[in-house]
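**Student:** missing the sequence, but the structure's below:
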């Protein structure tokens with residue numbers, strides 16, 4: 001029997017992607033949608049300006065939207081996917097967890113909290129067991145798990161492959177990020193057409209901290225962050241979807257371009273519905289990956305990499321992922337599959 005699930009913040013860009021992924025999902029039955037008080041008690045089709053590249057599911061279009069509050073969501077919903085703004089999430093998500101709901105969240109609040117798992121299932125699935133510490137510490141019947149920032153998700157699987165094979169010492173990354181990462185109203189056309197913006201507020205800090213937590217080790221009581229130095233420079237460019245990143249990684253052991261490519265090519269996927277096989281698609285061509293050509297590999301859930309060359313201390317390469325699928329909604333759904341697979345629901 002499918003697990004009954006809901007979406008918090010269902011009218012936004014990530015909320016719409018969540019609906020697109022959840023409506024046909026074999027393990028989840030989408031039964032609840034929440035939004036702002038102004039949208040509550042109205043059909044979803046009336047309050048959502050649908051902008052996803054597939055039609056709005058007919059059954060979802062007629063669902064009644066509720067307030068984003070625990071007393072407004074049916075208590076038989078087992079899992080909630082959150083795409084709330086972080087300022088709302090930091091207030092609302094704990095209330096849902098206290099009320100007994102399990103929340104898989106894309107919101108940035110609490111990602112680096114000591115007792116909150118920050119997970120990419122193919123990289124650090126064992127960190128999900130931090131939920132035992134969370135429940136003991138907070139006294140919740142529910143639980144809160146986070147996926148990382150969209151730019152972090154793009155590079156971390158490739159770094160995990162390098163770390164497993166050669167050890168990771170330091171990382172420098174320059175991102176070329178799509179406008180959809182800022183939300184529909186985030187960057188105006190006058191700002192971004194014929195332009196590039198060499199600053200995305202808070203993005204560098206997120207990449208630098210989240211990567212170290214994701215690559216860290218869990219000893220049953222706490223996550224010990226990876227000791228690699230991570231430095232990021234984040235840039236907005238006029239592509240619609242797909243974050244392209246240029247990565248320079250120094251490794252503990254000597255690595256060749258071919259060895260780095262093989263490590264990524266051989267990095268394993270998981271036996272979960274949304275985890276693609278291969279997880280990392282490696283290109284031989286020096287001019288790939290490219291956002292328009294490669295963002296939808298693996299249904300938008302694969303990471304692609306190419307352009308490998310050796311450097312004095314390690315390797316340089318390019319990587320790409322679809323920022324609203326693998327980098328946001330799909331990541332939350334994948335964490336939901338992990339929660340189900342590991343018996344947290």
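**Tutor:** Ah, there it is. Keep in mind that this is a model prediction, so the values were computed, not measured.
**Student:** CA only for contacts and neighbour counts going forward, please
**Tutor:** Fine.
**Student:** If you count neighbours, what's buried in stretch 76-87?
**Tutor:** Across stretch 76-87, burial judged by 16 or more other Cα atoms under 10 Å covers 77, 78, 79, 80, 81, 82, 83, 84, 86.
**Student:** And for stretch 91-109?
**Tutor:** For stretch 91-109, by 16+ other Cα under 10 Å, it's 92-109.
**Student:** which stretches of the stretch 1-150 of the chain form helices?
**Tutor:** Ranges of helices in the stretch 1-150 of the chain, per DSSP state H, counting those that start in this stretch, are 13-22, 44-47, 58-61, 86-98, 121-124, 130-138, 150-166.
**Student:** Take those helices and write them to a markdown table, including distance to residue 272 and mean pLDDT.
**Tutor:** Supplementary listing: the helices of the stretch 1-150 of the chain in a markdown table, determined by distance: least, Cα to Cα, whole Å; pLDDT from 0 to 100:
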| stretch | distance to residue 272 | mean pLDDT |
| --- | --- | --- |
| helix 13-22 | 14 | 97 |
| helix 44-47 | 29 | 96 |
| helix 58-61 | 25 | 96 |
| helix 86-98 | 25 | 96 |
| helix 121-124 | 9 | 98 |
| helix 130-138 | 20 | 97 |
| helix 150-166 | 16 | 98 |
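**Student:** The ones you listed: which one's closest to residue 259?
**Tutor:** Set against residue 259 and scored by Cα to Cα, the helices of the stretch 1-150 of the chain come closest in helix 150-166, at 8.8 Å.
**Student:** What helices and strands are in contact with that closest one?
**Tutor:** Under the contact criterion of 3 or more Cα pairs under 8 Å, 6 or more residues apart in numbering; DSSP states H and E, helix 150-166 touches helix 121-124, strand 168-177, helix 203-214, strand 243-251, helix 257-265, strand 303-310, strand 314-321.
**Student:** how many degrees apart are it and strand 314-321 in direction?
**Tutor:** Angle between the axes of helix 150-166 and strand 314-321 is 140 degrees (criterion: axes from the mean of the first three to the mean of the last three Cα atoms, to 10 degrees).
**Student:** Just give me how far helix 150-166 sits from the chain centre.
**Tutor:** Helix 150-166 sits 13 Å away from the centroid of its parent chain (Cα atoms, centre = their mean, to the nearest Å).
**Student:** neighbours around the closest residue to residue 206 other than its chain neighbours, how many?
**Tutor:** Take residue 206 and drop its neighbours on the chain: the residue closest to it by Cα to Cα, 6 or more residues apart in numbering is residue 149, 6.9 Å away. Using other Cα atoms under 10 Å, residue 149 is surrounded by 22 other residues.
**Student:** Go ahead and confirm residue 149 touches residue 209.
**Tutor:** No - with contact taken as Cα atoms under 8 Å, residue 149 and residue 209 are classed as non-touching, separated by 10.5 Å.
**Student:** quick one on the thing from earlier: against residue 65, how distant is the residue nearest to residue 206?
**Tutor:** 27 Å (Cα to Cα, to the nearest Å).
**Student:** What of residue 47?
**Tutor:** Distance of residue 47 to residue 65, given as Cα to Cα: 8 Å.
**Student:** circling back: nearest to residue 345, of the helices of the stretch 1-150 of the chain?
**Tutor:** Evaluated over these, closeness to residue 345 peaks at helix 130-138, with 12.0 Å, by Cα to Cα.
**Student:** tell me what the closest one is packed against?
**Tutor:** Packing partners of helix 130-138 (3+ Cα pairs under 8 Å, 6+ apart): strand 143-146.
**Student:** The strand it packs on: how far from the chain's middle?
**Tutor:** 13 Å.
**Student:** Same check on stretch 82-91?
**Tutor:** Averaging C-alpha positions (Cα atoms, centre = their mean) puts stretch 82-91 15 Å from its chain's average.
**Student:** That stretch: end-to-end distance?
**Tutor:** From its first residue to its last, stretch 82-91 covers 12 Å (Cα to Cα).
**Student:** Kindly report the same for stretch 93-102.
**Tutor:** First-to-last distance for stretch 93-102 - Cα to Cα - comes to 9 Å.
**Student:** Stretch 47-61 now?
**Tutor:** Using Cα to Cα, the end-to-end distance of stretch 47-61 comes out at 10 Å.
**Student:** Stretch 117-137 too?
**Tutor:** 13 Å.
**Student:** what's in contact with it?
**Tutor:** 111-112, 115-116, 140-148, 153, 157, 160, 210, 213-215, 217-218, 220-223, 268-270, 275, 331, 334-335, 338-339 (Cα atoms under 8 Å, 6 or more residues apart in numbering).
**Student:** mind listing what's buried in it?
**Tutor:** Those would be 117-131, 133-135, for stretch 117-137 by 16+ other Cα under 10 Å.
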